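Enquirer: Whatever this is, show me its structure:
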Amino acid sequence: MDERWDTHVRPILRVLVKILLPLALRDGLFSDDLLTREEYERIKTYDNAEGTRQLLVSILPRKGPDSFDRFLNVLKTTKGQEHIAQTIMGNTKRKRKRNESRDLSSESNEKYGKLKRELKKERKEKNHWKMVATGLREKFSMGSHNLKWEISKPNIPINLCWPFGRVAEFNEVLHVGWVDRILQRKEGAWEGENHHLPGIDNIWGVFECEEKAYVMHGHGPYREQCQTISEWKSETRELQVLTKIPDENQLDARSVIGHKEKIYLVGGRSDRVDCFDITKREWEPMKKMKNEREWCSLAVIDDKMFAGGGGNKSGPSNSVECFIMEEQKWIEIKPTTNKLCQLSSWNEKLVATGGYDEEAGEHSNCVEFYDKPSGEWLPLPPMNMGRDGHGVCTTKDNKLIVVGGRGIGAWNKVECLKL
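Expert: Residues are numbered from 1 along each chain as shown. Sure, this is the predicted structure:
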């Protein structure tokens, strides 16, 4: 990588974020082969600040030893961006003269580290006051900045590193599906960790639909075959088969959710969506998503189904799209802050918890909600520990519950946030 990205661009990144217009540049960058088609489309989904940061930090510096010079040439030939090339070149000349007798690499690393710490502090303060100032809109307006996550005891008796989509509450009892058993937390104690369900190879989803509990699971030696959806009888701890998923709908890595007597299967290393009508006992294909997804996170609010996170051919994702059931169409909304976060519905808001912070290189404790009027993700109080792949659900008494997941100390921990 050309060291000038570190020595001459990063120190003035805060200025460039304000004045650079990535959307005006994308055609020139694409024509000069500095952007692939996928990167070109991705830049279109960001606002100016985030698009600039992605270009200057994640994309262009990795385009080869001549990427810096090619980037300057594109700036010079892009209307309205010529002065930015002069700004960077002027900054380059001043840097070179000032650092003739210094170790450029050492100095730039020190300045970049200082700048990164300042930006992190500024971002933290900005998020706090943004949360207080906006009042988190409507129901989140009353003292929401004083909310705090609490560790809910007792701990889960099994380490759950990947329970997403398998956590739900039925009849005021928290249920967690894991491999071939369903754990239940009743009156402050966990039950069922040693109760293996006969004939079950792997549980893929635990969900509620019209006040009934359902489980999606696989049979036999291959988890992607013989997929079945069953009703869960909590009193007898038995599964009663509702429907066998048709062979053409059996895809690996699918996610499931229920809404108004219908069950939706989403993704599965594809963009497919299939719906099962519980009343009619019939399957029908739905409008395909805009993106292929595997193990995505799902939530339903006001007859709108949101699908986000998970992964695709390009790796982990933070994109989110919304299926408007009445119109039978998908629209994209602003991506979440982190990839691999989990979506849920809480107080009629779309909430994203955890995920993986690529910049920090660690599991995130970030919690945010989507503010529809502004189209922005606004912060909520962070969890006590970072995690991804966790399970999440909303309880009848208005609590947001997260369970297990990958992260230091998170495997067997349950956290709770109450408004």
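Enquirer: State the distance from I203 to H83.
Expert: With distances taken as C-beta to C-beta, to the nearest Å, I203 is found 59 Å from H83. To be clear about C-beta, it is placed using only N, CA and C from the backbone, and glycine gets the same treatment.
Enquirer: So T52 lies in a helix, does it not?
Expert: Yes: inclusion of T52 in a helix is indicated when DSSP: H, G, I helix; E, B strand; the rest coil is applied.
Enquirer: And it, what's its pLDDT?
Expert: We have a pLDDT of 70 for T52.
Enquirer: Can you name the residues that contact it?
Expert: Going by C-beta atoms under 8 Å, 6 or more residues apart in numbering, T52 touches L16, V17, L20, P22.
Enquirer: Span of stretch 61-72 from start to end?
Expert: 12 Å (C-alpha to C-alpha, to the nearest Å).
Enquirer: Contacts made by it with the rest, please.
Expert: By C-beta under 8 Å, 6+ apart, stretch 61-72 touches M1, D2, R4, W5, V9, L29, D32, L34, L60, A85, I88, M89.
Enquirer: at 10 Å what do you get?
Expert: Residues outside stretch 61-72 that contact it (C-beta atoms under 10 Å, 6 or more residues apart in numbering) are 1-6, 8-10, 25, 28-29, 32-36, 39, 55-56, 59-60, 73, 84-86, 88-89, 92.
Enquirer: buried subset of those?
Expert: Among the contacts of stretch 61-72, those buried by neighbour count (16 or more other C-beta atoms under 10 Å) are 2, 4-6, 8-10, 25, 28-29, 34-35, 39, 55-56, 59-60, 84-85, 88, 92.
Enquirer: what bridges to Q184?
Expert: For Q184, the beta-bridge partners under DSSP bridges are H175, E191.
Enquirer: Skipping its backbone neighbours, what lies nearest the spatially most central residue of the chain in space?
Expert: Here the mean C-alpha position of the chain is nearest to the C-alpha of C341 (C-alpha atoms, centre = their mean), at a distance of 3.2 Å. Computed as C-beta to C-beta, 6 or more residues apart in numbering, the closest residue to C341 that is not its neighbour in sequence is G355, at 3.4 Å.
Enquirer: ok, the one you found - contacts?
Expert: Here G355 is in contact with 297, 308-309, 316, 318, 336-342, 363-368, 386-390, 405 (criterion: C-beta under 10 Å, 6+ apart).
Enquirer: if you set the cut-off to 7 Å instead, what comes out?
Expert: By C-beta atoms under 7 Å, 6 or more residues apart in numbering, the contact list for G355 reads T336, N338, K339, L340, C341, S364, C366, D388.
Enquirer: Tell me how far it lies from G405.
Expert: Using C-beta to C-beta, G355 is found at 10 Å from G405.
Enquirer: again with E376
Expert: In terms of C-beta to C-beta, E376 sits 25 Å off from G405.
Enquirer: cool, and V241?
Expert: V241 is 30 Å from G405, by C-beta to C-beta.
Enquirer: higher neighbour count, the two?
Expert: Per other C-beta atoms under 10 Å, whichever of V241 and G405 has more neighbours is G405, with 28 against 10.
Enquirer: What score does that one have for pLDDT?
Expert: Looking at G405, its pLDDT stands at 92.
Enquirer: likewise the one 10 residues further on?
Expert: Confidence at E415, expressed as pLDDT, is 95.
Enquirer: Kindly indicate whether it is helix, strand or coil.
Expert: On the three-state scheme (three-state DSSP), E415 is labelled strand.
Enquirer: Tell me, how many residues neighbour D180?
Expert: D180 has 16 neighbours, counted by other C-beta under 10 Å.
Enquirer: Give me the nearest residue to it, chain neighbours excluded.
Expert: Nearest non-adjacent residue to D180, counting by C-beta to C-beta, 6+ apart: I200, 4.3 Å away.
Enquirer: Please tell me how far that neighbour sits from I278.
Expert: 21 Å.
Enquirer: Pull the contacting residues for the closest residue to G268 other than its chain neighbours.
Expert: Among residues not flanking G268 along the chain, L251 sits closest, at 3.0 Å (C-beta to C-beta, 6+ apart). Contacts for L251 (C-beta under 7 Å, 6+ apart) come out as G268, R269, S270, R272.
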